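S.K.: Sequence below, structure please.
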Amino acid sequence: MRRLTISIDDDLADTFDQFMQQKGYQNRSEAFRDLLRSELDRDTVNHGGAHHCVAALSYVYNHHERQLAGRLAQIQHDHHDVTVSTMHAHLDHDNCIETMILRGHTNEVVQFAEALIAEKGVRHGKFNVIPVESEANGRTHHHHHHVHLRPHR
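M.R.: This next block holds a predicted model:
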């Protein structure tokens, strides 16, 4: 592990310390590492450097919206190769929230999530992508036939 020394102005340092305390970090190094990883992951995804990813997609929709629930289910079936799991909960008499775990080629996962969020009637969509590396091609010590994924950093 390397030690880095940085200089930042007092106001930014105070804001960072408040952020660190709000999030429950024990020290600045932990908080800084998480922020740096997050930004580097976002940059990797945005610039095409992540071939595979895992992701969480959450969205709220009104289940009374004409044929929306059926359209959402059809989109998920059409992309069953990237959809790992879906959790559905009722918020009130009208609104539902769904959270999906996705996995696959980053471009396919991103296109799927953006198409679902853009579907008419979907509100409050949030999407979090985590780049991963594949441990396929004999790099694992296991003797079964599936791919192991690990975080990029």
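
S.K.: Where does the closest residue to L91 other than its chain neighbours fall, secondary structure wise?
M.R.: Of all residues beyond its chain neighbours, the one nearest L91 is I97 (5.7 Å), with distances taken as C-beta to C-beta, 6 or more residues apart in numbering. In short, each C-beta sits where N, CA and C put it, glycine included. Using DSSP states H and E, I97 maps to strand 95-105.

S.K.: May I see the buried residues of that strand?
M.R.: For strand 95-105, the buried set under the neighbour-count rule, 16 or more other C-beta atoms under 10 Å, comprises 95-96, 98, 100, 102-104.

S.K.: burial of L68, as a residue count?
M.R.: Residue neighbour count, defined by other C-beta atoms under 10 Å, stands at 17 for L68.

S.K.: next one: C53
M.R.: Using other C-beta under 10 Å: C53 sits among 25 other residues.

S.K.: Look up how far H90 lies from the nearest residue to it once chain neighbours are set aside.
M.R.: Spatial nearest neighbour of C53, chain neighbours left out: T106 (4.5 Å); criterion: C-beta to C-beta, 6+ apart. T106 is 32 Å from H90, where distance means C-beta to C-beta, to the nearest Å.

S.K.: Same question for A73.
M.R.: Counting by C-beta to C-beta - A73 and H90 are separated by 16 Å.
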